[in-house]
Every structure is written in C-alpha cells, then in structure tokens.
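>>> Give me a 3D structure for the following:
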Amino acid sequence: MPLVTLTLALGVAVAITLGGPSKGPVRGIRGASFYRIISFFPYVVPAIIVGLIWAQMYDPNAGLLNGVLTGLGLDRFDTFAWLGEKATAMPAVMFVIVWGLVGFYAVLFIAAIKGVPAELYEAARIDGAGRFRTTISITLPAIRDSVQTAYIYLGIAALDAFVYVQAMVPNGGPDNSTLTISQRLFNVAFAKQQFGYATAMGVVLAVVTLVFAALVFLVNRLTAAARARARGKHLGPELGVPQPREVPGDRDHRDRKPASDRKPASDRKLTRVAASSDRRFAAISHALMILWSVIVIVPMLWVLMSSFKSTGEILSSPFSLPDHWRFENYANAWTDANIGKYFLNSVIVVVSALILVMLLGAMCAYILARFEFPGRR
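Okay, the predicted model is just below:
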C-alpha cells in the first residue's frame, strides 16, 4: 500500500508541476491548480467520514459502485458484497486508504519539486531530455529526502490504519481477512478487558514500527553512499545532466558567441524526439488526472446528494436525485446532534495540540540541526 500511494502521489505531483508544454518555462499541465485542489480534498475529509462514505459506496444493495457496474452491463455485480467477500475485502479497504492519502503526499512532493532549481530542467531540455527522462534523472534524485520521509510516515500509518478499517469492516471482515493489529488491540483491551495482553501487543507494534523506520533509513543511506561513489560528488553526474567540456584554446574562446547573443534556454528548440515525448507525456498526464478527478469527485457528489434524501429514498432509489430536497436534515444535524458544541471541542483540541507540536518540534529540530553530540545521527 505505501508503494502504491507514493507512486500515485508522485505521478500527480510530476503532472501538476512538470507535465506542461515543451515551449517556454518548465511548468505543469493546464488546469494544474484545479487538479491540485481536487487531489488534496480527500485528505481534508476526516478519516472516519471517508470510511463511512466508502462503506456506502460498497453497499451490496444501494451502493454506487454496484450501480455503476450494473449499468455498464455487468449483472454479476448487482448485489456483490465487496466488503463481504474474502477475495475483495482487503483490496477494497486498501483502495480507500490510498484514495484518502494520495492528496497529502502529492502536495508534499509538489513543494519538494518546486524547490529544485529550474536551471537543471532547462539544461536537461537543451540537451534533448524529455519529461520522462528529467523525472527519472533530475526530479527523483532531487526530492529523495522527501520521498524517504513520506515512505516512513506512510509505513507507520499503514501499520495502524485503524480508523479506515474500523469504519468499513468493524468485525474484521470475512474470516478476519481485514483485521489489523490495531483493531485486534482495541478489541482485546476494551471488549475482552485484557489490558496487560493489549499493552504487550502495543509494545510489539511500536517495536515493529521502529524497526521499519530504521530499515528505511539504512537502505536509503547505503544506496545514497553507493550512488555517490559510483557517480562522483558533482551535482551534474548525480542528476544525470551532461557536463560541459573545457575549452582547449583561445581559438575556441574567440569562436564562442557572447552571452548576450545567446538565446534563453526556454526559447531554444527541443529535438523532435523530446518534443514528441513531451506531447505524449502531457496527454497521458491529462488523461490520468481527469480519471483521478472523477474518482475523487463522484463519491463526494453522491454522498452530498444522499444527504438531502430520507432513509427510504436512499434505499429505494439511491442513484436518482431527491424527490424532495430535505434541507431540514442539515438543520437537525446542527440542532439535534449538537454538532456546533462538538466541533468547538475538536477545534480546541486540534489548535492546542498544533501549537504544542510546533513549539516542541521547532526546539527539537533546532537542537538536532545546530548542535553536535553523541548519537545525533
């Protein structure tokens, strides 16, 4: 799951920042701002809401997924239980987790890519490199640290994944096929009242998480050292950008054009191969981003439409527009469910925790960055 999530996030980030036209400055595909917002939106939605949304999407009788597949002529999915079949329960849960987390890591990678000097991309384009080549040879090595951090963080989240799984399959799924260690720990502690056993499980989970993080750090350090020894310490060879040769004599100096007479890098023509590769890259990027936008938007719109229906309408006609738009559902949610009070409690908790985390994190980061002491690395 972490590999799939980071691959999709990196693809979204590259398309948004580097997938644009070949001419002019290096930039993303058209509509990059819209795609950025759409991609990040699922991460803004609380995990418990994401789990409930997709639990409705996977519903055998009134779920949108079975309705779409049946409408396409696949009658075998008429009442197919995605979360009730052992073969599909775990992939369905994993898809939801990927759907909810891709946007965050895409934004993280976008920020990292924007920090790469534009001159590196311009130099690669002058030498005839297309978008795919620059992504492999320049972008990935340049944002290596961000990818490493994201993989560790996502690996830790994958070892937990309690909220998503508990919202969709609280009983562990068919034959416990989706039961996670965090779910098992929760049931042992609060359902069976075996707190010592549950605490031991928590310690084991913490040790596994630490070992995973240490292995990722070790592998990245070893591969970085091997790459540095193989390619040298210069920036150009490390990123795969050809280095200029030294001018052998004065005659070559005299033959060279003054800097003022040279064309800017963005105005020079690419080779036909590179230009064709860029067009294909941009077309594929657009197609994939449109598909991803549909996957993100459709569940949100379906749930929004259902929020104006009664329970009977949702069960009888889940895919049609409401016969009567029940705005009182929202009024009741605010008054009867007392959402205002609970939302204020959430804001107080989040803001307080955020301030403390920022203060303590900044102090720890300063000490680790500025002071030398045993065990710092």
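>>> packing partners for the host helix or strand of Thr199?
Taking DSSP states H and E as the criterion, Thr199 maps to helix 195-231. The helices and strands touching helix 195-231, judged by 3 or more CB pairs under 8 Å, 6 or more residues apart in numbering; DSSP states H and E, are helix 144-160, helix 181-186, helix 235-239. Just so you know, the C-beta spots here come from the backbone N, C-alpha and C atoms, and that holds for glycine as well.
>>> Which one of those lies nearest to Ala362?
Of all the helices and strands packed on helix 195-231, it is helix 144-160 that lies closest to Ala362, at 16.9 Å by CB to CB.
>>> Mind listing residues that contact the closest one?
Here helix 144-160 makes contact (CB atoms under 8 Å, 6 or more residues apart in numbering) with 1-2, 5-6, 9-10, 97, 101, 105, 108-109, 111-112, 140, 180-182, 205, 208-209, 212-213, 216-217, 220, 224.
>>> returning to that earlier point: so how far is the helix holding Thr199 from its chain's centroid?
Computed by CA atoms, centre = their mean, to the nearest Å, the chain-centroid distance of helix 195-231 equals 21 Å.
>>> same check, this time on stretch 182-197
On the basis of CA atoms, centre = their mean, stretch 182-197 sits 31 Å off its chain's mean C-alpha point.
>>> Would you mind measuring the gap between the ends of it?
Terminal residues of stretch 182-197 lie 13 Å apart, using CA to CA, to the nearest Å.
>>> what about that stretch, average pLDDT?
The pLDDT scores in stretch 182-197 average 90.
>>> what's the answer for stretch 334-347, then?
Mean per-residue pLDDT for stretch 334-347: 84.
>>> Alpha carbons of that stretch, in PDB - could you do that?
Coordinates of each C-alpha in stretch 334-347 appear next as PDB, following Å, rounded to 0.1, in the frame of the first residue of the first chain:
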ATOM      1  CA  TRP A 334     -26.900  21.200  13.700                       C
ATOM      2  CA  THR A 335     -29.500  21.400  16.400                       C
ATOM      3  CA  ASP A 336     -30.400  17.800  17.500                       C
ATOM      4  CA  ALA A 337     -27.000  16.300  17.000                       C
ATOM      5  CA  ASN A 338     -25.400  19.400  18.700                       C
ATOM      6  CA  ILE A 339     -22.600  19.500  16.100                       C
ATOM      7  CA  GLY A 340     -21.600  23.100  17.000                       C
ATOM      8  CA  LYS A 341     -20.500  22.100  20.500                       C
ATOM      9  CA  TYR A 342     -18.700  19.000  19.400                       C
ATOM     10  CA  PHE A 343     -17.000  20.900  16.600                       C
ATOM     11  CA  LEU A 344     -15.800  23.600  19.000                       C
ATOM     12  CA  ASN A 345     -14.300  20.800  21.200                       C
ATOM     13  CA  SER A 346     -12.500  19.400  18.200                       C
ATOM     14  CA  VAL A 347     -11.100  22.900  17.300                       C
END
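>>> Please identify which of the helices and strands packed on helix 195-231 is closest to Leu356.
Closest approach to Leu356 among the helices and strands packed on helix 195-231 (CB to CB): helix 144-160, 19.4 Å.
>>> The closest one vs helix 195-231, what angle?
160 degrees (axes from the mean of the first three to the mean of the last three CA atoms, to 10 degrees).
>>> Report the distance from the next helix-or-strand element following helix 144-160 to the chain centre.
Note on helix 144-160: by DSSP H and E, the next helix or strand toward the C-terminus is helix 162-168. The chain centre lies 19 Å from the centre of helix 162-168; the measure is CA atoms, centre = their mean.
>>> residues contacting the closest residue in space to Leu185 that isn't next to it in sequence?
Spatial nearest neighbour of Leu185, excluding adjacent residues (CB to CB, 6 or more residues apart in numbering): Met201 at 4.7 Å. Contact analysis of Met201 by CB under 8 Å, 6+ apart lists 181, 184-185, 188.
>>> I'd like to know which of those residues are buried.
With neighbours counted by 16 or more other CB atoms under 10 Å, these contain buried members at 181, 185, 188.
>>> closest to Ile295 among these?
Checking those against Ile295 with CB to CB, the nearest one is Ile181 at 28.9 Å.
>>> any idea of the mean pLDDT for stretch 99-107?
Across stretch 99-107, pLDDT averages out at 90.
>>> For Glu119, which three-state class applies?
When classified by DSSP: H, G, I helix; E, B strand; the rest coil, Glu119 comes out as helix.
>>> how much space is there between it and Ile126?
Going from Glu119 to Ile126 by CB to CB, to the nearest Å gives 10 Å.
>>> Looking at those two, which has the bigger crowd around it?
The neighbour comparison of Glu119 against Ile126 (other CB atoms under 10 Å) goes to Ile126, with 17 against 10.
>>> For stretch 340-350, which outside residues touch it?
Stretch 340-350 has contacts (CB under 8 Å, 6+ apart) with Trp334.
>>> Centre of the chain to it, how far?
In this view, stretch 340-350 has its centroid 27 Å away from the chain centroid, taken as CA atoms, centre = their mean.
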